[in-house]
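Trainee: Okay, predicted coordinates and the sequence, questions at the end:
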Amino acid sequence: MSSNRQLPPVSVPEIPARLRAFSLGQVAAALQVNPRTVRRWIAAGWLRAFSLPGNDLRVSQTELEAFVSQRCPAVVAQEVSA
């Protein structure tokens, strides 16, 4: 016996930018650099990151946006011209 009942649509709440986080690999890919470079930026204090259990590092979207606007003017200019 098959049921053709449809489930009601589920609305997914928007996640605030301050709660979105990216892995070092995702940050590196977005900025077209090596993940080691991202680790160096974090160690130098240029980019803030937080640790997850297991010592995985994540960078929040707001931190990444601030870093890009302050340290990567070429990336900002490229996004504006696109």
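Mentor: That came through, no problem. Numbering: from 1, shown residues only.
Trainee: Please enumerate the helices of this protein.
Mentor: Counting by DSSP state H, one finds helices in the chain at the ranges 24-31, 35-44, 61-71, 73-81.
Trainee: distance between the first one and the chain's centre?
Mentor: Helix 24-31 sits 8 Å away from the centroid of its parent chain (C-alpha atoms, centre = their mean, to the nearest Å).
Trainee: what number of residues lie near residue 72?
Mentor: Burial of residue 72, expressed as a neighbour count using other C-beta atoms under 10 Å, amounts to 14. To be clear about C-beta, it is placed using only N, CA and C from the backbone, and glycine gets the same treatment.
Trainee: Low-confidence ranges, the chain, go.
Mentor: Applying pLDDT under 70 to the chain flags the ranges 1-3, 12, 17-18, 73-82.
Trainee: if you set the cut-off to 90 instead, what comes out?
Mentor: Per-residue confidence for the chain (pLDDT under 90) gives these ranges: 1-20, 32, 52-55, 68-82.
Trainee: Can you give me the neighbour number for the residue lying closest to residue 58 once chain neighbours are set aside?
Mentor: Counting by C-beta to C-beta, 6 or more residues apart in numbering, the nearest residue to residue 58 once its immediate chain neighbours are dropped is residue 21, at 3.9 Å. Under the neighbour criterion other C-beta under 10 Å, residue 21 is assigned a count of 19.
Trainee: next one: residue 41
Mentor: By other C-beta under 10 Å, 21 other residues sit near residue 41.
Trainee: What distance do you get for it to residue 53?
Mentor: Using C-beta to C-beta, to the nearest Å, residue 41 is found at 23 Å from residue 53.
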